[in-house]
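Chemist: generate coordinates for the sequence data below:
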Amino acid sequence: MGNEVELLQHWRQLTPQKQQKVLEFVELLKSESETTPRESDFVPQTPLAKKLWSIRQRAIAAGLQLHK
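Modeler: Numbering: from 1, shown residues only. Below is the predicted model:
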């Protein structure tokens, strides 16, 4: 199944409010600069850094807006 078909199937199951959140997220992704360093390039080295990175990733996944 193609990504577009799968995305559309999931989209149809969302409430209008959640569809709006998806649209906002897509706009955020589109607005990110190509020159911004990719977060996947960062590798935490210490146990504390790993824990903080994990907390940050969960916050982002939950929709928290981070300050730049």
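Chemist: for this structure, which spans come out with low pLDDT?
Modeler: 1, 32-40, 68 (pLDDT under 70).
Chemist: center of it - which residue?
Modeler: For the chain, Ala61 is the residue whose C-alpha lies nearest the centre (Cα atoms, centre = their mean; 5.5 Å).
Chemist: how close does that one get to Leu8?
Modeler: 22 Å (Cβ to Cβ, to the nearest Å). All C-beta spots, glycine's among them, are computed from the backbone N, C-alpha and C.
Chemist: helices of the chain, start to end?
Modeler: 3-13, 16-31, 47-61 (DSSP state H).
Chemist: ok, and what's touching the last one?
Modeler: Yep, that's helix 47-61 we're talking about. Residues outside helix 47-61 that contact it (Cβ atoms under 8 Å, 6 or more residues apart in numbering) are 42, 44, 66.
Chemist: out of those residues, flag the one nearest to Leu29.
Modeler: Leu66 (14.4 Å; Cβ to Cβ).
Chemist: just read off the phi/psi values of that closest one.
Modeler: With angles defined as degrees, to the nearest 10, Leu66 sits at phi -90, psi 150.
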